[in-house]
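Trainee: quick one: sequence and predicted model below, then my questions.
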There are 2 protein chains.
Amino acid sequence: MHFFNKSAPIGIFDSGIGGLTVAKRVMSILTNENIIYFGDTARVPYGSKSNSTVIEYSIQDAQFLIKKNVKLIIVACNTASSIALDTLREKFDIPIIGVIEPGANLALETTKNRKIGVIGTSATINNKAYSEKLKQLDSKIEVFEKACPLFVPIAEEGWLNHPATKLVAKEYLQYFIDNNVDTLVLGCTHYPLLAATIQEIMGEKVTLIDSGFAASLQVENHLKGRGIRNDSVQLGTKEFYVSDLPDKFKSVAERFLGSELTHIEKIDVESLIVR
Amino acid sequence: MHFFNKSAPIGIFDSGIGGLTVAKRVMSILTNENIIYFGDTARVPYGSKSNSTVIEYSIQDAQFLIKKNVKLIIVACNTASSIALDTLREKFDIPIIGVIEPGANLALETTKNRKIGVIGTSATINNKAYSEKLKQLDSKIEVFEKACPLFVPIAEEGWLNHPATKLVAKEYLQYFIDNNVDTLVLGCTHYPLLAATIQEIMGEKVTLIDSGFAASLQVENHLKGRGIRNDSVQLGTKEFYVSDLPDKFKSVAERFLGSELTHIEKIDVESLIVR
């Protein structure tokens, strides 16, 4: 067991930029914590890759953060959370928190009619990441799931209020309205950008669950429970690392983060591979 | 120099299913040719990967087809065509035809006002695959380019006549209407599925260029020129290989191919790697 300095940073990794919505939540709840974010933009997306590849990449991503002396890791990627979390926890002697279990727990605390909807990428929906976790936590729950493949490119295009976005959302979400869910899990880190449109279509009576927000609350509890919550009164530092820095990255990433990306550095993807 | 049997198959590879629109064109023009298609669905998309990775994968894809004794290879992937074609031609002693040069040539033969539009994925547009080829062939040509990232997921969702599709297409295509292009290159193998909507937005005076169709014409010329055009009077055989076979693959792939996928086989991606 390692004993971490309270001022050690929290590490967050994702296959790309989606995890920045999780970082945004962490930064707003745990304002004085230092944050190190790694986005594996050279190998994005993980959702279309085999389980063994996702596990291998996730181990490399975690190792990158551990070398930066983080005190806790957030797996801010639904695919990696569903496939690699157990392996990461076995392999590394550091608290590791995914987005699926916190999201599922918050959905169960929220629903009154026991009907929960889940939207995500095809990978997340096909591997039943949320529905299995929800049924494991409460076997009586009714879960309705649907992949919404257009939401990721729409969020990346920044068409947050485009008329086409509303039509696309109507097409995807009618299924959940028809099935009378009262809680809808945003099972992809890109989707919080479309929350206003999704809420408008679903109506005010349906509660949207942001898994990044749920994970942030769990991180706070975890740090307090271990006595490693930062007690600094200063705003935390933020460092962002990516394995590829494509055109327009900064502007798109800042839309996801909701603030300016200051310290950003590209690292060589080959350096992630420990031989 | 190899001398091929006229009845040897034509090999086609793509990073995934998009190349099936090229296979469809080849099958409709060269009805008696035998076709072997390989879609690298386990490693799709190539567009977000580094040049060295795209070249490595393309070599492996070509080797898979060469082992099947194909007489010619069509690189039915815009990314691989723009990045790997020269290396493939140096490395392999067999005719290799991409989609970019035929598409660019057909556009130049078609335009009257010398204003050509090109739409494609972010990768194809960012690496200026078509615009550089067009300007190399005719330095006086005016080229207008725009990435249309939503068109691929829309085509894969099969929303070919959805009202949202029309709104998305209007948003992307207004730029080309404003710039008065008379020819628009569909620089992504997914886009022929959306040709009706694109034509409706652009108007009847604009000619759409299907690179797969252009490549098929070049293949026909090439086979005739080398005297290796199949002279069978029977319909050619078709074999399809993929490196991953996800849910719904067959139905989505058949939409791209426009006919039934009969012989389809999943191969192990590890078997592609020649050590």
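Mentor: Cool, the structure landed. This one's a predicted model, so the numbers in the text were calculated from it and none came from an experiment.

Trainee: I'd guessed A:Phe13 sits against A:Ala62; true?
Mentor: Yes - in this structure, A:Phe13 is within contact of A:Ala62 by CB atoms under 8 Å, at 6.8 Å. Yep, even glycine has a C-beta here, placed from its N, CA and C like the rest.

Trainee: which residues are in contact with the residue nearest the centre of chain A?
Mentor: To find the centre residue of chain A, average its C-alpha atoms and take the closest one (CA atoms, centre = their mean): that gives A:Ala76, at 3.4 Å. Listed by CB atoms under 8 Å, 6 or more residues apart in numbering or on different chains, the contact partners of A:Ala76 are A:Ile12, A:Phe13, A:Asp14, A:Gly18, A:Gly19, A:Val22, A:Ala23, A:Val99, A:Thr189, A:Gly212, A:Ala215.

Trainee: check A:Ala155 too.
Mentor: Remark: with contacts taken as CB under 8 Å, 6+ apart, A:Ala155 is in contact with A:His190, A:Tyr191, A:Leu193, A:Leu194, A:Phe256.

Trainee: and the first one, how many neighbours?
Mentor: Think A:His190. Neighbourhood size, A:His190 [other CB atoms under 10 Å in any protein chain shown]: 24.

Trainee: contacting residues for it?
Mentor: With CB under 8 Å, 6+ apart as the criterion, the residues that contact A:His190 are A:Gly18, A:Thr21, A:Phe151, A:Val152, A:Ala155, A:Glu156, A:Phe256.

Trainee: can you select the buried ones from these in ChimeraX?
Mentor: Only the buried members of the contacts of A:His190 end up in this ChimeraX selection, burial being decided by 16 or more other CB atoms under 10 Å in any protein chain shown:
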select /A:18,21,151,152,155,156,256
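
Trainee: residue boundaries of the strands in chain A?
Mentor: All strands of chain A, identified by DSSP state E, fall at A:10-14, A:35-39, A:72-75, A:96-97, A:115-120, A:142-147, A:183-186, A:207-210, A:238-242, A:264-266.

Trainee: how close does the residue found closest to A:Ser28 once you drop the neighbours it is linked to in the chain get to chain B?
Mentor: Closest residue to A:Ser28 apart from its sequence neighbours, by CB to CB, 6 or more residues apart in numbering or on different chains: A:Ser216 at 7.9 Å. Remark: distance between A:Ser216 and chain B (CB to the nearest CB, to the nearest Å) = 28 Å.

Trainee: doesn't A:Ala23 make contact with A:Ser216?
Mentor: No - using CB under 8 Å, A:Ser216 is not in contact with A:Ala23; the gap is 9.4 Å.

Trainee: which parts of chain A sit against chain B?
Mentor: The interface of chain A toward chain B, taken as CB under 8 Å from any CB of the partner chain, is made up of A:42, A:44-45, A:48-50, A:122, A:126, A:149-150, A:152-154, A:156-157, A:159, A:162-164, A:167-168, A:171, A:244, A:246-247, A:269.

Trainee: before we move on, the earlier item: out of the contacts of A:His190, show me where the pLDDT dips lowest.
Mentor: When the contacts of A:His190 are compared by pLDDT, A:Glu156 scores lowest at 90.

Trainee: show me the contacts for that one.
Mentor: When the contact criterion is CB under 8 Å, 6+ apart, the partners of A:Glu156 are A:Ile17, A:His190, A:Val252, B:Pro149.

Trainee: leaving out chain neighbours, which residue sits closest to the second one?
Mentor: Beyond its immediate neighbours in the sequence, the residue positioned closest to A:His190 (CB to CB, 6+ apart) is A:Ala155, lying 4.3 Å away.

Trainee: now do that neighbour against A:Leu85, distance only.
Mentor: Distance from A:Ala155 to A:Leu85, counting by CB to CB, to the nearest Å: 24 Å.

Trainee: low pLDDT regions in chain A?
Mentor: Counting by pLDDT under 70, chain A has low-confidence residues at A:1-3, A:247, A:274-275.

Trainee: where do the helices of it begin and end?
Mentor: A:20-29, A:51-67, A:78-91, A:100-110, A:122-126, A:129-137, A:151-157, A:163-178, A:195-202, A:211-226, A:249-257 (DSSP state H).

Trainee: quick one: which two of the contacts of A:Glu156 are the most distant?
Mentor: Across the contacts of A:Glu156, no pair lies farther apart than A:Ile17 and B:Pro149, at 13.8 Å, counting by CB to CB.

Trainee: got the domain ranges for chain A?
Mentor: Annotated domains of chain A cover A:10-98+A:213-272, A:100-211 [automatic domain parsing].

Trainee: burial count for A:Gly212?
Mentor: The burial count for A:Gly212: 25, using other CB under 10 Å.

Trainee: A:Ala195 too?
Mentor: Around A:Ala195 there are 14 other residues, counting by other CB under 10 Å.

Trainee: before we move on, what about A:Thr110?
Mentor: By other CB under 10 Å, the residues close to A:Thr110 number 16.

Trainee: give the buried residues for stretch A:234-246.
Mentor: Taking 16+ other CB under 10 Å as the neighbour-count basis, stretch A:234-246 is seen to contain the buried residues A:Gly236, A:Lys238, A:Glu239, A:Phe240, A:Tyr241, A:Val242, A:Ser243, A:Asp244.

Trainee: and it, how far from the chain's centre?
Mentor: Relative to the mean C-alpha coordinate of its chain, stretch A:234-246 is positioned 16 Å out (CA atoms, centre = their mean, to the nearest Å).

Trainee: any idea how far apart the tips of that stretch sit?
Mentor: Separation of the first and last residues of stretch A:234-246 by CA to CA, to the nearest Å is 33 Å.

Trainee: residues making contact with it?
Mentor: A:9, A:27, A:30-43, A:64, A:68, A:230, A:249, A:253, A:261-269, A:272, B:50, B:122, B:126.

Trainee: cutoff 7 Å now
Mentor: When contacts are taken as CB atoms under 7 Å, 6 or more residues apart in numbering or on different chains, the neighbours of stretch A:234-246 outside the stretch itself are A:31-43, A:230, A:261-267, A:269, A:272.

Trainee: same deal with stretch A:38-47?
Mentor: Contact partners of stretch A:38-47, identified using CB under 7 Å, 6+ apart, comprise A:13-17, A:19, A:54, A:57, A:61, A:64-65, A:77, A:79-80, A:121-124, A:241-244, A:246, A:269, B:48, B:50.

Trainee: derive a ChimeraX selection command for the buried subset of those residues.
Mentor: Taking 16+ other CB under 10 Å as the burial criterion, the selection of buried members of these in ChimeraX is written as:
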select /A:13,14,15,16,17,19,54,57,61,64,65,77,79,80,121,122,123,124,241,242,243,244,269 /B:48
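
Trainee: what about A:Pro153, neighbour count?
Mentor: The burial count assigned to A:Pro153 is 19, neighbours taken as other CB under 10 Å.

Trainee: residues contacting it?
Mentor: Contacts for A:Pro153 (CB under 7 Å, 6+ apart) come out as B:Pro149, B:Leu150, B:Pro153.

Trainee: please apply the same query to A:Ile209.
Mentor: For A:Ile209, the contact set (CB under 7 Å, 6+ apart) comprises A:Gly103, A:Leu106, A:Ala107, A:Thr110, A:Thr183, A:Leu184, A:Val185, A:Leu186.
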